[in-house]
Each structure stands twice: as C-alpha cells, then as structure tokens.
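>>> Let's see this in three dimensions:
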Amino acid sequence: MAIAKKVLEFNKNDDEMRLKLSALDRELATVYLGGGKKRMDKLHADGKMTARERVDFLLDVDSKRIEIGALAGYGMYAEHGGCPSGGVVVVIGYVSGKQCIVVANDATVKAGAWFPITGKKNLRAQEIAMENKLPIIYLVDSAGVYLPMQDEIFPDKEHFGRIFRNNAVMSSMGITQIAAVMGSCVAGGAYLPIMSDESLIVDKTGTIFLAGSYLVKAAIGETIDNETLGGATTHTEISGVCDYSVPNDEECLKTIRGLIDKIGQKETAGFDRKKAIDPAVDPKAMYGILPMDRTKTYDVNEIIKCFVDDSEYTQYKEDYGKSIICAYARLDGWSVGIVANQREIVKNAKGEMQFGGVIYSDSADKAARFIMNCNQKNIPLVFLQDVSGFMVGSKSEHGGIIKDGAKMVSAMANSVVPKFTIVTGNSYGAGNYAMCGKAYDPRLMVAWPTAELAVMSGASAAKVLLQIEVASLKKRGEEITPEREKELYDKIKNRYDEQISPYYAASRLWIDAIIDPLDTRKVISMGIEMANHARAEKPYNVGVIQT
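Model prediction:
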C-alpha cells in the first residue's frame, strides 16, 4: 500500500513538472519571436539575419549552450510595447571550439534600443566575461538608448556608460573582445566597437556615428547620407575606426570564427576533471521526486543521484546537521562540493525532530566548515536551494542561531572557488543569502520552474500583511467581516504570489535562467569550464567569525 502511494505521488509530481515545462516552452517560443514576424521579415528583406539567427550561425554546430536572461523583461514595459528578452540575446557557447559569451542586439525590438533591463542584461554578460576571463563577442545592431526611458538607463553607475568602462577594464585584464557592427551603432554606443580589441563592419548595412545624418543637419547644417557619414568604406578606408569590412552577415560571422580560432591558450584555475560518467539513476526521475506541494517532504539525496557521475558521492558529516546535505562528488567529470537543503523531516544528533527546508545551528556550522574545506582543496561549490530560512524561536536564539548563520554566510561570501546556485524549490529570507543567492556572486544562478524567491512564502506573507491591513482599517472605524477579511487575504496573496514566481525573478535578472531540471548537469559543467579560465586573485580568508 505504501509503495503504491509513493508511486502515485511520484507520477503526480512528474505530471505537474512536465506541465510547468510545457508552459515554459510556450513562453520561450513567444519570447524568441522578438518584435514579431513582420519585423523579422523586414530584416531579411534588408539582407540581414535576426539576432538569434546570427548567434546560431556563429556558434559551433550542435554544440552545447546556455542562454542568459531569455526571460529578461518578461511582463515589463507593457505601456511601451514590451521588451522581449530585454532586446538582446546573450548566450554562453562554443565558437571554433572555444567557450565564449555572445551578446547580440535584437533589432526587431524597438530597433535594438536599450531599455533599462537591456542595460542590466548587457552588464550581466560583461560581469560573466570578467569573472571568468571569457572571450566576449558583441553583434551590434542598436538604435541606442530608448529615449522615453533615458532617465532610467543613462546617467547612473550601473547604466549605459558602465558598458564602456567595462570595455576598458576587460581590455586591461587581457579578455578578448570582438565587436561586429551589423546594423546601427550610434551615439555613445559607437564607442563599443573601437574599445574592443578588434572590430568588423558589414558593408551597406552597418553604420557607426556619434550623430546620424538628421542630427548632423540639425546641429551644423551639413547634408550627408548615413553611409557616407559612417558606413563600412568610411570606417575601414578613411577613419580607420574598424579593422575589417565584410560584405554580409554570413561573412562577418565566419571572420569572427576565424579570429576566435587563433586565440592562444592561457593558464587555468586548475579545477580537477576526469572522464565523465553518466548518472546511474535516470535523470528524468527528478521530475517525480520534487513535490509541488510545499508542505510535503522529499529526500534531496534522490535529486543529487540524478545528476552526479555514476550517482555516487561522499557525504560530509552525514549524521550531523542533517537539514543540510554536504557532499563531494564528480559532475560531468568535474570535482564539486554540493551544499543542499534537505526538506525531509530528520532527527538531529540529539534525536530531536527537525523540520525540512530549515537551516539549524548544527547545519549552518557543518556547511561553513565544508565550504572552507572546498576552498582549501580548490573544489567548485554547487548550492541546491530549497530553503525556508533559519530556525526561529527561543531555543534557536539561545543556541546561537544568528552566530552560526553568520559563520555560514561569511564562509560562503568569502569563497574564492566559483559558486553555482540551482533554486529547485523555496528560496526564502536569509536562507536565500546563506545558500548563495544572487547577492553573493554565484557564477551562474538558475531556477527550476518549481522555484519561488521571496522574503517568505505567499501564504505566510499574506497573513502578516493581512494583520497589518486589518488593524489599519479597524483604526479607521471600518468593520471587517470574515468575507471582507478573505477578500483582502486573497488580494494580497495573489499579488505576492506573482512576485515570488520564477518568471518574476527571471524577468528582472535575479536569476540567469529558468531551466529544465535535465539541464542542471549541463549548466554546472559548462559553468565550471568557464570558471576554469580564471585563477582566484586572492587567498581564501573568512575574516573574523564568531565560534
């Protein structure tokens, strides 16, 4: 009877996960259309590829890739017509066998203009390149800053101008930057190609200038066409701004492939890798293990077995601090240290029951020590987040939960080995921070469709906010009936539930992507490969911590 119930529960979880993945595929299919078929057809009529076609042509055939921020801008800027994928395509992939990050403006979205989220996404791409010393390729086709929102993209530290500051910094770091002007490249954006190591421009479709022909006419009265002002002939034969003139998109991308092919090898971070072994457990089992109901438990060990090599790993302090699993494993051949929340209800060393998904003092202490060990051994860290937060109450406070939590956060925040975060379920409150949330610099942070990111769950937040709302209304003399209270609760919870959705997080780039659980192994493996380009710049030191 128990086995039949478990199978039934597994199948139900599997069905619900597949429904969520189907919904994700539908949303991504819409996003991939960019500004729509009509605008795509217009590009083709002008002899140009779309941004995604350019990326596909540039990357090695049938090679692995990770798209960053495909859902950036999702549900945002409706009053401006939307900004699918943030108006720019960013992909980590392989060009001539070398791992690179590619940034391609989508000219079908407001002529490739920069919305605030566009700037944030471009900066994220550059951050990835700088952290991992990864070659970066810019496929430029942009009308510049989206003027109706210029105050949110132009003047601040993390706005448009930061792009060119990063160009200069990356050049000083020896990071290869190649820019191809395949359409418009105007105003401040005109500095990007010349601040890159090498630049290409497509004849008759690529143009670079600080001000276009209309603005030139208005400013100084000169009459000139855009091609003469800043086309390929001008910039490769007269100004010397660009290094290569190419006849069309295809030749441009082929030339880039040739340039990347000639890059020499550099030192690595020395992360250990052996021949990969597929998991012994079918990875698709992940679909059925994770319950959609947040109140139900599962054993995270079963998830880990689905993506580590040969489904084998060595647990650290297995019988202590059981609400966090710490383990050494290999993943696609790479040596990794895994820190995973355990939602299963377990007993601690004293035989006391502990609720799943909560971080206790002993778990925090164990995780901190494990993180330090991984830094000592030069082993990349993988965090599997399904965390409700730290344990509260007098017993925990008297036991020093804040001190032990701070120890874990300090050990994790000061880590010099790369960190990768996978949000499988809950990512609430300080648990998000301790398990390497976005604020703690994971090299990549992705989520399954089952993820929720917030200060607390929708139900908990709604109850707290409802109490405040009801008290406020009563002070004003309003009578609150049970029906009115339920109406307020539902309104608050619905609003909060929208904000804890992984789509909400992905649209704002709090996470890099929502992924199929089956891609977990690929994301971590490619992430460690890119991180292996960059040695740690300082020794590991956790500073002052309470013991």
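
>>> Would you agree I68 is in contact with V88?
No - between I68 and V88 there is no contact under Cβ atoms under 8 Å: 9.9 Å. In short, each C-beta sits where N, CA and C put it, glycine included.

>>> what sits in contact with each of these two?
K121 (Cβ atoms under 8 Å, 6 or more residues apart in numbering).

>>> Who has more neighbours out of those two?
V88 (29 against 24; other Cβ atoms under 10 Å).

>>> buried ones in the top helix by length along the chain?
In the chain, taking DSSP state H as the definition, the longest helix is helix 2-31. In terms of neighbour count (16 or more other Cβ atoms under 10 Å), helix 2-31 has its buried residues at 9-10, 13-14, 16-17, 20-21, 24, 27-28, 31.

>>> I'd like to know which elements that helix is packed against.
Other elements packing on helix 2-31 under the criterion 3 or more Cβ pairs under 8 Å, 6 or more residues apart in numbering; DSSP states H and E are helix 286-289.

>>> On the three-state scheme, V423 is what?
Under DSSP: H, G, I helix; E, B strand; the rest coil, the three-state class of V423 is strand.

>>> How about the contacts made by it?
385-386, 445-448, 451, 453, 502, 511.

>>> With N541 instead?
N541 touches N414, counting by Cβ under 8 Å, 6+ apart.

>>> Offset the numbering so it begins at 22, please.
Sure, I'll start counting at 22 from here, so that last one is N562.

>>> Give me the phi and psi for it.
Main-chain dihedrals, N562, degrees, to the nearest 10: phi -150, psi 120.

>>> Relative to R464, how far out is it?
20 Å (Cβ to Cβ, to the nearest Å).

>>> V367 too?
For V367, the distance to R464 - Cβ to Cβ - is 30 Å.

>>> Who has more neighbours out of the two?
R464 (22 against 18).

>>> Distance-wise, check the more buried one relative to A455.
18 Å.

>>> D218 now?
Relative to A455, and taking Cβ to Cβ, D218 is found at 40 Å.

>>> okay, the two: which has more neighbours?
Remark: of D218 and A455, A455 carries more neighbours, 30 against 17, as counted by other Cβ under 10 Å.

>>> Just say helix, strand or coil for G285.
Strictly by three-state DSSP, G285 counts as coil.

>>> picking up where we left off before, of the contacts of V444, which is the nearest to K507?
L474 (26.6 Å; Cβ to Cβ).

>>> so which helix or strand takes in that closest one?
Assigned by DSSP states H and E, L474 belongs to strand 473-475.

>>> chain center to the helix or strand following that strand, what's the gap?
Using DSSP H and E, the helix or strand that follows strand 473-475 towards the C-terminus is helix 479-496. In terms of Cα atoms, centre = their mean, to the nearest Å, the gap separating the centre of helix 479-496 from the centre of its chain is 33 Å.

>>> For helix 479-496, what does the pLDDT average out to?
Throughout helix 479-496, pLDDT has a mean value of 78.

>>> neighbouring contacts of the helix or strand just after it?
Per DSSP H and E, the first helix or strand lying C-terminal to helix 479-496 is helix 503-521. With contact meaning Cβ under 8 Å, 6+ apart, helix 503-521 is reached by 473-475, 478-480, 482-484, 486-487, 490-491, 501, 525.

>>> Tell me the buried residues in helix 503-521?
509-510, 513-514, 517-518, 521.

>>> just these now: which is nearest E333?
Once Cβ to Cβ is applied, the member of the buried residues of helix 503-521 that ends up nearest E333 is I521, at 34.8 Å.
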